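A.B. asks: whatever this is, show me its structure:
(one chain, ligands or ions: 1)
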Amino acid sequence: MEQSSQIQWFPGHMARTRRKITESLKLIDMVVEVVDARIPLSSRNPEMDTLTAGKPRLILLNKADLADENATARWVSYYEKHGVKALPVDCKSGRGLSKITGLMRETLKDEIAVWQQKGMVGRSVRAMVAGIPNVGKSSFINRLAKGTKAKAEDRPGVTRGNQWFGLPDGVLLLDTPGVLWPKFEDHTVGLHLAFTGAIRDQILDCEELACELLGVLKTEYADRLAERFKLDSVEGWQEQENYELLETIGRKRGMLVSGGEVNTERAANTLLDEYRGGKLGRITLEFPPKEV
Ligand code: G4P
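C.D. replies: A predicted model of the protein is given here:
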């Protein structure tokens, strides 16, 4: 299947991306790293830190509309404690984005002070947008830079083929120069990426995936499950095995096939779609590590 073949050519592809990012670092002042606010750990390439070492960074906690607000606030404080600014945004509606250029300038305040001392007044801030597929990089760039795509050839020192986008207040965004894959090999990372729809369902059978998701939701967000699928009328639903619970959900939704059996594939797809679409409420699956 397509997904597994992508995993197979991951190492070679990553080497090319690594090279492209290293080359692009010469052209930029900072990195805007886009992650999924529901899974800030799994939705990043673990090599990001070393790849972009030495460049100031701003983290965009995107899809904040789908994430638990308290958890997102905890992530912002966690990053802040580690000297990195993070901004929760929703690139679908644009919420939160008005703060971005101000925060970029704040992230670069030391560099900007040096530019000013050198008389480089009005120098553009150049940032590279990076992130794994599906975190919302294109949505972010499109939201901010509507119709303002800069021509690569017009900018001195910029390699042909690099995609620059000019924002009104002296900010230039460089589109991610290669595909940065997440760490599929880690089981939990793979599951979280699949739950959120970042990778295609082929990686796991959809019923299996739905059962895994039910296992997480049953423990962490039982009230949401009960509310969405009206489970309170089902005695002992919390003790049901995940597959049995999937059947219960299908039955509740009237997803029956001839003979009265539940169409569990349909139930699984419904659960996954509704989770991904935020219908079960704002649910975060990863939290900042506890620090002593
Ligand atoms: P990428 O460039 O990083 O690969 O991601 P892209 O912008 O293509 O976004 C991937 C999916 O995530 C898109 O959904 C996009 O609409 C959605 N998305 C991006 N940002 C946000 C956000 O802040 N909140 C929510 N709820 N969704 C977001 P899609 O299903 O592929 O397309 P469509 O829904 O736009 O039709």
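A.B. asks: CA only for contacts and neighbour counts going forward, please
C.D. replies: Noted.
A.B. asks: so what's T264 up against?
C.D. replies: Residues counted as contacts of T264 (Cα atoms under 8 Å, 6 or more residues apart in numbering) are E207, L246, E247, G250, M255.
A.B. asks: could you confirm D273 falls within a helix?
C.D. replies: Yes: judged by DSSP: H, G, I helix; E, B strand; the rest coil, D273 forms part of a helix.
A.B. asks: how close does it sit to the ligand?
C.D. replies: For D273, the distance to the ligand equals 10 Å [Cα to the nearest ligand atom, to the nearest Å].
A.B. asks: isn't I59 right up against G83?
C.D. replies: No: if you go by Cα atoms under 8 Å, I59 and G83 don't touch, sitting 11.2 Å apart.
A.B. asks: which of those two has more residues huddled nearby?
C.D. replies: I59 (21 against 12; other Cα atoms under 10 Å).
A.B. asks: which residues are in contact with that one?
C.D. replies: Contacts of I59 by Cα under 8 Å, 6+ apart are V32, E33, V34, V35, V84, K85, A86, L87.
A.B. asks: repeat the analysis, applying 6 Å as the threshold.
C.D. replies: Taking Cα atoms under 6 Å, 6 or more residues apart in numbering, we find I59 in contact with V32, E33, V34, A86.
A.B. asks: how about the secondary structure of the residue nearest to Y243 when sequence neighbours are not counted?
C.D. replies: Counting by Cα to Cα, 6 or more residues apart in numbering, Y243 lies nearest to C211, which is 5.9 Å off, once chain neighbours are set aside. Three-state call for C211 (three-state DSSP): helix.
A.B. asks: just give me the neighbour total for C211.
C.D. replies: 20.
A.B. asks: before we move on, what about the one 3 residues further on?
C.D. replies: A count of neighbours around L214, defined by other Cα under 10 Å, yields 23.
A.B. asks: try the one 4 residues further on
C.D. replies: If you count neighbours by other Cα under 10 Å, K218 ends up with 20.
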